[in-house]
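In: Please find the sequence and the predicted model below.
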Amino acid sequence: SRNSLKNQKIRNLLVFIATFFSNKVIFNSSNAQKILGKNLPKKDNHVLIFNAVADFKFNFDFILESKIIEFLDNSQNKFGSIGRLEPLKNYENILKGFKQLKDEGFEFKYTIFGTGFLEAKLNEIIIELELSNNVFLAGGVRGAKEYLNHFDYYILGSINEGFPNSLIEAMSEGLVPFTTDAGDSYKIISNNRGVRIRGKCSEDFYLSIKNFFENKNENYINEIINNIDMYFENELNEKNIFKSWEMLIS
């Protein structure tokens, strides 16, 4: 757990030992490079290479897609998340934030792709908050990115992250992202590429989503999407990323 100070110390020690014998240390997160890099034994062998969005071939589940389409049922506001059902992903506070929105008449559907030990508890919370008609736990899904085209918005509510791959996968599918400050997430959505959630409690999710929808318009949405397209063309261009790896190992 990244929340455990003991585990963090052990992790940092293992990283220190490994990098002492390494020719190069490759970071995929600028935040990790900033935090870990200053404590590593060698200061001149750090390389930052971001992840690209890779399209792997999975057996597409048409039955699952049908369930998703039936659940969304022409909702005007379709949200999705991808991530393990564990405390670091902060789903409980996201759900409580949506409960506040629903109580004010906000219409939405929210699907979570992922599995984990909190599944039973999250199902209980969904029932307790009377969100059974609004929230769908899709379970563990290989290639969840392939189903994101049915959604409009993506929520990353994490407490900790490195370089959040699910976030860039959602953005590559044209979803407007909402994210907490976790790892590189704020950097990824900077320059008007998404919506910052100013905190990690339920009230923060509630206010961020509420403020966005009170002020959104089509031009604003299009600007975000255009900025995302430019980001992938320039900073997350997969050809340039693969070339960086080729130069590193050649």
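Out: Sure thing, it's come through.

In: In this protein, what residue spans correspond to strands?
Out: 25-27, 46-48, 78-82, 109-113, 135-139, 153-156, 176-179, 195-196 (DSSP state E).

In: got these as a markdown table, with mean neighbour count columns?
Out: Any C-beta I mention is one placed from the backbone N, CA and C, and that applies to glycine too. Output for those, formatted as a markdown table (neighbours: other Cβ atoms under 10 Å):
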| stretch | mean neighbour count |
| --- | --- |
| strand 25-27 | 17 |
| strand 46-48 | 15 |
| strand 78-82 | 24 |
| strand 109-113 | 24 |
| strand 135-139 | 19 |
| strand 153-156 | 25 |
| strand 176-179 | 24 |
| strand 195-196 | 18 |
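
In: got TSV for those, with mean pLDDT and distance to residue 231 too?
Out: Converted to TSV, those look like this (pLDDT from 0 to 100; distance: least, Cβ to Cβ, whole Å):
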stretch	mean pLDDT	distance to residue 231
strand 25-27	90	19
strand 46-48	90	16
strand 78-82	98	19
strand 109-113	98	23
strand 135-139	97	27
strand 153-156	98	15
strand 176-179	98	11
strand 195-196	97	15
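
In: Contact partners for the closest residue to residue 94 other than its chain neighbours?
Out: Distance criterion Cβ to Cβ, 6 or more residues apart in numbering; nearest residue to residue 94, sequence neighbours excluded, is residue 157 at 4.6 Å. For residue 157, the contact set (Cβ atoms under 8 Å, 6 or more residues apart in numbering) comprises 81, 89, 90, 91, 93, 94, 179, 180, 197, 200, 205.

In: How about the contacts made by the closest residue to the second one other than its chain neighbours?
Out: Same thing as residue 89. Spatial nearest neighbour of residue 89, excluding adjacent residues (Cβ to Cβ, 6+ apart): residue 83 at 4.3 Å. By Cβ under 8 Å, 6+ apart, the residues touching residue 83 are 89, 112, 113, 114, 156, 158, 166.

In: From the residues you listed, pick the one nearest residue 58.
Out: residue 113 (12.6 Å; Cβ to Cβ).

In: quick one: the residue nearest to that closest one when sequence neighbours are not counted and residue 191, what's the gap?
Out: Nearest residue to residue 113, sequence neighbours excluded (Cβ to Cβ, 6+ apart): residue 144, at 4.0 Å. From residue 144 over to residue 191 the distance is 26 Å, taken as Cβ to Cβ, to the nearest Å.
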